[in-house]
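Enquirer: Here is my input, please return the structure:
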Amino acid sequence: MSIGWVDLDGVVNMRDVGGLPTADGRTVRTGRLLRSDNLQDLTERDVKRLVEDLGVTDIVDLRSNVEFHAEGPGPLTLTPLTHHRHSLFRDDETEVTVEDALVLPWQTEAARERLKSHDDDYWASHYLGYLADRPDSVAAALHVIATAPGATVVHCAAGKDRTGTVVGMALAVAGVPAEEIVADYVATAERIERIVERLISRPAYADNLRGRPIEDHLPKPETMARILEVLEERYGGAPGWLVQQGWSEEQVAALRTSLVG
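Expert: Modelled structure (predicted):
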């Protein structure tokens, strides 16, 4: 698989998923869907490239309210791009309070205990939790991809877990085979050390990352494979999941068309 890395000064895990093959012999269009890590450090040159060269019109921010407020506004907020915030955390439906800002969603005692268990199914369960707890946010993010006039950048903090879930769903609707979706998800491993190094310097993420081995962060192929397997078993695939959320067949087709033409 050829990876469409977008190398900018202020991110380390941005790539265009265009070029991925579909089961019917077509390919995902370039310049429609980009996935990325945190966009807080973009330079003026980065912003110009995204807007003028890559045709980005919409940003889907999957970070929690806590992260958003802790990190503050990023450079892209000064542009005319359309910003969509869709947190994937169940307890993040209201605006953050001063007290909430002291605890990030993954820093709760329950979350820490689950991480300590090193359960092989932990991340798959975590990603399925996004679909169960915040189907509204997942569906809304996919709606942006379907209707954006230009390219959409979907991002969270590392560009791996929350972003991986939403992008994996979009690719599944587009008809990309499971093995290709898994390969795209795992591609983040190529830059995982740089991702962690970047995030550990930011107050919002430092405590959660410090002292943990790099192996804890590596994306595993079986994780995404399991998500796709569960979607197929329970809903007949990602399109069926969207229909259960209230999408019409026409809306599902529009998402597919936006990605493959």
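
Enquirer: need the contact list for D7.
Expert: Going by Cβ atoms under 8 Å, 6 or more residues apart in numbering, D7 touches M14. From N, CA and C alone the C-beta is placed, and that goes for glycine too.

Enquirer: does it sit in a helix, a strand or a coil?
Expert: Here D7 is coil, with the state taken from DSSP: H, G, I helix; E, B strand; the rest coil.

Enquirer: next one: phi and psi at it?
Expert: Main-chain dihedrals, D7, degrees, to the nearest 10: phi -90, psi 110.

Enquirer: try the one 5 residues further on
Expert: In this entry, V12 is assigned phi and psi values of phi -130, psi -10 (degrees, to the nearest 10).

Enquirer: hey, C-alpha coordinates of stretch 168-184 in CSV?
Expert: Listed next in CSV are the C-alpha coordinates belonging to stretch 168-184 (Å, rounded to 0.1, in the frame of the first residue of the first chain):
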residue,chain,number,x,y,z
GLY,A,168,-12.1,3.3,9.1
MET,A,169,-15.9,3.7,9.0
ALA,A,170,-15.7,6.1,6.0
LEU,A,171,-13.4,3.8,4.1
ALA,A,172,-15.7,0.8,4.8
VAL,A,173,-18.7,2.7,3.4
ALA,A,174,-16.6,3.6,0.3
GLY,A,175,-16.1,-0.1,-0.3
VAL,A,176,-12.4,-0.4,0.6
PRO,A,177,-11.6,-4.0,1.5
ALA,A,178,-11.0,-4.8,5.2
GLU,A,179,-7.3,-5.6,4.7
GLU,A,180,-6.7,-2.2,3.1
ILE,A,181,-8.5,-0.4,6.0
VAL,A,182,-6.4,-2.3,8.5
ALA,A,183,-3.2,-1.5,6.6
ASP,A,184,-4.1,2.2,6.6
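
Enquirer: May I see the buried residues of it?
Expert: For stretch 168-184, the neighbour count (16 or more other Cβ atoms under 10 Å) marks 168-176, 178, 180-184 as buried.

Enquirer: Now do the longest helix out of those in the chain: distance to the chain's middle.
Expert: When the chain is parsed with DSSP state H, its longest helix is helix 221-235. Using Cα atoms, centre = their mean, to the nearest Å, the mean C-alpha position of helix 221-235 is found 16 Å from that of the whole chain.
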